[in-house]
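Chemist: based on what follows, work out the 3D shape:
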Amino acid sequence: MNIEELKRNCELNRFCFDYVETVEECRELVGQLIHEGDVVSHGGSVTLSECGIIDLLRSRKDITYLDRENCEDVQKLYRECFSADVYLTSSNAITQKGELYNVDGTGNRVAAMIFGPKKVIVIVGINKIVENIEDAVKRVEEIAAVKNNIRLHKNNPCVQVGHCVHCNSPIKICREYTVISSSYTPQRIHIICVNKELGY
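Modeler: Predicted structure coming up:
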């Protein structure tokens, strides 16, 4: 893992990149990136919860927070996220070349990362850093897929065997596979890497 190389490659890919030592620093930086009057939402993410980002958003009375956990029509909220000023999420993996690799179940998270919100803040722990896309795929299939299925109470085959088996289960959560190799709009995607193992 080479943070300086990762930062350099992310910036070549037209991303912003910050490296912080603690979740407290991460939370402070996120607070600075969200401005009064902003419409803000996020994807489902253990990392955001572990960093206290959800609590931060709920405490901000100067923003419009689209709260996915407290809404009557989640599909409507997913669509409203495309017009948000700021969208927060994590990534399943980030390569040393600065590529973001993600696997989604409904596609709302990766869709918003790719297009819509004015700014996307991606928070990753050091455990998400991999050498290349092949390692990113391996990480998802052997770690993230299983843990996320358990978290979401989805009794898919990977839960039984401990790794992805490329199932066709009707309740599978691995459906959309994306690689974001660079940003069309410079600095629209802001990556914050935290020197801590976070999420899956």
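Chemist: wait, residue 143 sits on residue 197?
Modeler: No. When contacts are counted by Cβ atoms under 8 Å, residue 143 is not listed as touching residue 197 (11.1 Å). Heads up, the C-betas are built off the backbone N, CA and C, glycines and all.
Chemist: who has more neighbours, the two?
Modeler: Between residue 143 and residue 197, counted using other Cβ atoms under 10 Å, the more crowded position is residue 143 (18 against 11).
Chemist: skipping its backbone neighbours, what lies nearest the more buried one in space?
Modeler: Spatial nearest neighbour of residue 143, excluding adjacent residues (Cβ to Cβ, 6 or more residues apart in numbering): residue 200 at 6.2 Å.
Chemist: list the contacts for residue 97?
Modeler: Residues near residue 97 by Cβ atoms under 8 Å, 6 or more residues apart in numbering: 9, 13, 132, 181.
Chemist: tell me which residues in stretch 126-137 are buried?
Modeler: Neighbour counts over stretch 126-137 (16 or more other Cβ atoms under 10 Å) mark 127, 128, 129, 130, 136, 137 as buried.
Chemist: quick one: which of the residues you listed sit in helices?
Modeler: Applying DSSP state H to these, the entries found in helices are 136, 137.
Chemist: angles on the backbone of residue 3, please.
Modeler: With angles defined as degrees, to the nearest 10, residue 3 shows backbone torsions of phi -70, psi -40.
Chemist: do I have it right that it meets residue 124?
Modeler: No. Here residue 3 does not reach residue 124: they are 11.6 Å apart, not a contact under Cβ under 8 Å.
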